[in-house]
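Enquirer: just to be clear, the model below is a prediction. Sequence and coordinates:
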Amino acid sequence: QSEVRQAALDTMLTTARLRGQREVRASFAGAAAPGNGRRTVFDCEERNFLQAAVMARSEDGPDSVDESTNRAFDGLGLTRDFFKEVFQRDSIDGRGMRLDGFVHFGVKFNNAFWDGRQMVFGDGDGKVLGDLTGSLDVIAHELTHGVTEHTAGFEYHNQSGALNESVSDVFGSLVKQWSLKQAAEEADWLIGADVWTPGIDADALRSMKAPGHAYNNPLFGKDPQPDRMSKFIHLPDTDEGDNGGVHLNSGIPNKAFYLTAVGIGGFAWETAGPIWFEALKVSGPEAQFHEFAHTTFQKAGELFGVGSAEQSAVLGAWQEVEISI
Ligand code: ASN
Ligand code: ZN
Ligand code: CA
């Protein structure tokens, strides 16, 4: 058990070190070139750094023989198309930024991440996690970190960091729902169900519907995600403290989104989705839960009318997670 814990901590610290690493961003050839959202997938061949990765598939090239490459390529494409068709957003930066995905990062690496410029996926150790390209919502989660960086820019710690995490889960889940044409009441609201614990059925990395009921986190113990403000977890703003519990406290805004979506009913990407997306575009880097809640309420009024059923769903949802507007 302590071995599993140590491995999870190592993974988390490695991810923290690589996330937003400026050198990686700057050194990548062509990084600044506009690309009409064109995709390229690179194979890290189990190495721990991106510079040595080999091109595995590009927009006009043939399918790869490698399934991780094809899954990353397809998942990035679906996510790009979702943002374009549903929100008229042209790729990560709104200006057609090219999409670079990296697969087979490291040896049995139990994570996926956005590094400030590209999306990186490990193979998983086969026990805690399978190949991280195996869940569409995980791919969409990582791409959405890029969208958030280019819009609200939520600082990656404490409440603004939990909002950053939550927004990635929100649109990660919506991409999956959109691709399956699932209404809010039919969706599973799980993140990473296909990749989390390959040997154990019916669990996931996180549940937006029931935060704290999806999994056993090797680092933080059983059912660590809170679903309301009174259960907010105070952790230090360090790498070991998950930057103030950003992957834990995201359960609170996740639940608020879920409640809004099922409160309105129907396709969530046509209801709660646009409300959250408009709120994301006008929020700032230091936004706190309360402020963001207020912004969603305001946007619901603008999009659906003041006093509309949609706006009261937003109000009720935040109330239920103990955030008053
Ligand atoms: N999978 C994690 C995420 O996307 C990686 C990290 O940044 N801690 O948030
Ligand atoms: Zn994330
Ligand atoms: Ca499982």
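Expert: Looks like it came in fine. Ligands and ions are numbered 1, 2, ... in the order given.
Enquirer: only C-alpha atoms for contact and neighbour calcs from this point on.
Expert: Fine.
Enquirer: got the CA coordinates for stretch 203-221 in CSV?
Expert: Provided in CSV are the C-alpha atoms of stretch 203-221 (Å, rounded to 0.1, in the frame of the first residue of the first chain):
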residue,chain,number,x,y,z
ASP,A,203,-15.8,3.0,-10.9
ALA,A,204,-14.0,6.1,-12.2
LEU,A,205,-11.5,8.8,-11.5
ARG,A,206,-14.2,11.2,-10.4
SER,A,207,-18.0,11.5,-10.4
MET,A,208,-19.6,14.8,-11.0
LYS,A,209,-23.0,13.5,-9.9
ALA,A,210,-21.7,12.0,-6.7
PRO,A,211,-18.3,13.5,-5.8
GLY,A,212,-16.6,11.3,-3.3
HIS,A,213,-18.2,8.1,-4.5
ALA,A,214,-16.1,7.3,-7.5
TYR,A,215,-12.8,5.9,-6.4
ASN,A,216,-10.1,5.3,-3.9
ASN,A,217,-7.3,7.8,-4.4
PRO,A,218,-3.9,6.3,-3.5
LEU,A,219,-2.8,9.6,-2.2
PHE,A,220,-5.8,11.1,-0.4
GLY,A,221,-7.6,7.9,0.7
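Enquirer: tell me how many other residues surround Ser160.
Expert: Counted with other CA atoms under 10 Å, the neighbours of Ser160 add up to 24.
Enquirer: kindly report the same for Ser230.
Expert: Here the number of neighbours of Ser230 (other CA under 10 Å) works out to 11.
Enquirer: show the pLDDT at it.
Expert: pLDDT, Ser230: 98.
Enquirer: gap between it and Pro224?
Expert: As judged by CA to CA, to the nearest Å, Ser230 and Pro224 stand 14 Å apart.
Enquirer: the longest strand seen in the chain vs ligand 1: in contact?
Expert: Longest strand in the chain by number of residues (criterion: DSSP state E): strand 99-105. No. Between strand 99-105 and ligand 1, judged by CA under 6 Å from any ligand atom, nothing touches; the nearest distance is 13.0 Å.
Enquirer: next one: stretch 130-143
Expert: Yes. Legend: contact between stretch 130-143 and ligand 1 by CA under 6 Å from any ligand atom is shown at Glu142.
Enquirer: so what touches that stretch?
Expert: For stretch 130-143, contacts defined as CA atoms under 8 Å, 6 or more residues apart in numbering pick out 68, 71-72, 75-76, 79, 92, 103, 110-114, 119, 121-124, 168-169, 171-173, 175-176, 191-198.
Enquirer: now it: average pLDDT?
Expert: Regarding stretch 130-143, the rounded mean pLDDT is 98.
Enquirer: what does stretch 159-177 give?
Expert: Stretch 159-177 comes out at a mean pLDDT of 98.
Enquirer: pretty sure Ala187 is in contact with Trp178, am I right?
Expert: No. Ala187 lies out of contact with Trp178 (CA atoms under 8 Å); the separation is 10.0 Å.
Enquirer: Three-state assignment for Lys255, please.
Expert: Here Lys255 is helix, with the state taken from DSSP: H, G, I helix; E, B strand; the rest coil.
Enquirer: hang on, it packs against Pro211?
Expert: Yes. Contact criterion CA under 8 Å: Lys255 and Pro211 qualify, at 7.0 Å.
Enquirer: what is in contact with the two at once?
Expert: Asp227.
Enquirer: which stretches of the stretch 1-150 of the chain form strands?
Expert: Here the stretch 1-150 of the chain has its strands, by DSSP state E, counting those that start in this stretch, at 39-43, 54-58, 99-105, 112-114, 119-122.
Enquirer: list the neighbouring strands of the third one plus their orientation.
Expert: Meaning strand 99-105. Applying DSSP bridges, strand 99-105 is found paired with strand 39-43 (parallel), strand 119-122 (parallel).
Enquirer: restricting to C-alpha, output that strand in PDB.
Expert: Extracted C-alpha coordinates of strand 99-105, given in PDB (Å, rounded to 0.1, in the frame of the first residue of the first chain):
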ATOM      1  CA  LEU A  99      -3.300  20.600 -31.400                       C
ATOM      2  CA  ASP A 100      -0.300  18.600 -30.400                       C
ATOM      3  CA  GLY A 101      -0.800  15.400 -28.500                       C
ATOM      4  CA  PHE A 102       1.900  13.200 -27.000                       C
ATOM      5  CA  VAL A 103       1.300   9.500 -26.200                       C
ATOM      6  CA  HIS A 104       3.300   6.800 -24.400                       C
ATOM      7  CA  PHE A 105       4.800   9.400 -22.100                       C
END
